[in-house]
Structure formats: structure tokens, C-alpha cells
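Chemist: take this sequence and fold it.
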Amino acid sequence: MPVLARCPMCRAVLPPAAADARGEVRCPRCAEMVVPNARKLCARCSRDLTHERRMKDAAGEYYCPACFSAAAAESGRKALFPCAACGGSFALSDVLEEDDHLVCRTCLAARDLNPETLFTSASDLGGEQTTADPDAETFAHYQSRKKRERQWRRALWIAGATALVVVLVAIAVYVNHR
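Modeler: Next up is the predicted model:
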């Protein structure tokens, strides 16, 4: 994984082991003990992606969106980018950048129910109608709903067990005082 570590004092490139080092390392140029600034570089074009949108493949390599799509096309696959709202995977043409993350057109259109916006987002897809229902429960919502249900069941079980212990203690106290 190409990660470039630089000295924050003199901007010299530190040895490759410095990028993984915890704490301070000695700079080979200025001989100062410094905490290295790690940079995340694109595996294809070597562009610095530290503060930019980047993708990470299964091997842990970083790619800029253009190189990620090109690498996927060369391997015979279609590059898919995750939607920050629903968690789905979509082609680069079906996601838009919003703030610091990617959002699919369906989620973006679901936020604004203005008919003109919905029509525009549908026409951006080439006139095709999307099959995704904006009110459909996503997997992330399903997981959080199930987690809340488990928490409620656990809380009810604990409350029931506590009530049973209190009743048994009260019966034991009553029997012992007779």
C-alpha cells in the first residue's frame, strides 16, 4: 500500500517503515525526532489522496475514483462506489458527491420530494425509472431496528428478573419474621 511519510519539519521523505511506526522516528535529513505525517497515495497515478475522496480495494490499496474505475474495467469488473445514505453500491455515474461523501441519486431524490427535482433525477438516469423505493427499509435501518428490538427484550427480561427477585426476597423476609 503506497503510503508516503514525510518529516513535518523539513518535508523529507522518511523510510518506508516510518509510515507504520507508532510515535517518533528520526528524520534522515534534519536528524530531528518527529512524528511522521502519513500520506495516502493512489496506487496507479501516485496522487496524494490524504484529504481527497479515495477508494480502498480488498488488498488495502488506495485509488482515486478515476483510477479505481479504470482498474476495475481492466480486470473485467464494474467499479462500484458505496452510497453513504443507504449503503448500496453504484456505478460512478449513479452517485453524486455531497459534502465529503458519495450519495446515490435515489437517496438524493428522496431527500427532496419536489416533483421537479424527482423528474430531473429520473431524467439524469437516461429516462429509466428506478426500481428502488425511497421508503424501503435499507439494510442499515433493518440492523438498527433489530438492535433496538433486542435491547428492549433484554431490558424487559432484566426488569422481569429483578421483579421476581424482589418478590422472592419479600416472601423470604415475611416468612422469617413470622
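
Chemist: the lowest-mean-pLDDT helix or strand in the chain: what's the following helix or strand?
Modeler: Counting by mean pLDDT, DSSP states H and E, the weakest-scoring helix or strand in the chain turns out to be helix 115-124, with a mean of 60. Towards the C-terminus, the helix or strand next in line after helix 115-124, according to DSSP states H and E, is helix 139-176.

Chemist: can you get me a residue count around the residue lying closest to Arg47 once chain neighbours are set aside?
Modeler: Here the nearest residue to Arg47 in space, its sequence neighbours aside, is Cys64; by C-beta to C-beta, 6 or more residues apart in numbering that works out to 5.6 Å. C-betas here are computed from N, CA, C, even on glycine. The local packing count at Cys64 equals 21, with neighbours defined by other C-beta atoms under 10 Å.

Chemist: so what's Cys64 up against?
Modeler: 42, 44-45, 47, 49, 52-55 (C-beta atoms under 8 Å, 6 or more residues apart in numbering).

Chemist: the same query, at a cut-off of 10 Å, please.
Modeler: With contact set as C-beta atoms under 10 Å, 6 or more residues apart in numbering, Cys64 has these partners: 41-49, 52-55, 70.
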